[in-house]
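Novice: predicted model and sequence follow; I will ask about them next.
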Amino acid sequence: MLTAIVIGIQVISALLLILLVLLHSGKGGGLSDMFGGGLGATAAGSTVVEKNLDRITVVAAIVFAFTTIALVLLLDG
């Protein structure tokens, strides 16, 4: 039962991580421009939208990493 819950969280975090990475703007813009991420970009740095997107992406990556480790520990023995 616990393994199924961890697998569900793993799948959701993996899909969310894919979506968030695709939303990041690269050198030539990106999908985040579609949602206003590139409208206020200046020489001073990233916009608030970009910084929040970075934070959410890091949280999703940490959740993915912890669920991966949890699955290894649950399925190992």
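Specialist: Cool, the structure landed. Numbers count the residues shown, from 1 in each chain.

Novice: show me the shaky parts of the protein.
Specialist: 27-46, 77 (pLDDT under 70).

Novice: list the buried residues of the host helix or strand of N52.
Specialist: Secondary structure from DSSP states H and E places N52 in helix 48-76. Neighbour-count burial for helix 48-76 flags V49, E50, L53, T57, A60, V63, F64, T67, A70 (criterion: 16 or more other Cβ atoms under 10 Å). Every residue, glycine included, has its C-beta placed from N, CA and C.

Novice: quick one, what contacts the residue nearest to V21 when sequence neighbours are not counted?
Specialist: Spatially, and ignoring its direct neighbours in sequence, V21 is nearest to T57 (6.7 Å; Cβ to Cβ, 6 or more residues apart in numbering). Counting by Cβ atoms under 8 Å, 6 or more residues apart in numbering, T57 makes contact with L17, L20, V21, H24.

Novice: T57 and L75: what is the separation?
Specialist: Plainly put, T57 is 27 Å away from L75 if you go by Cβ to Cβ, to the nearest Å.

Novice: same thing with I5?
Specialist: Distance from I5 to L75, by Cβ to Cβ: 13 Å.

Novice: with S13 instead?
Specialist: Counting by Cβ to Cβ - S13 and L75 are separated by 17 Å.

Novice: just put the contacts of T57 in JSON lines and tack on secondary structure.
Specialist: Output for those, formatted as JSON lines (DSSP: H, G, I helix; E, B strand; the rest coil):
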{"residue": "L17", "secondary structure": "helix"}
{"residue": "L20", "secondary structure": "helix"}
{"residue": "V21", "secondary structure": "helix"}
{"residue": "H24", "secondary structure": "coil"}
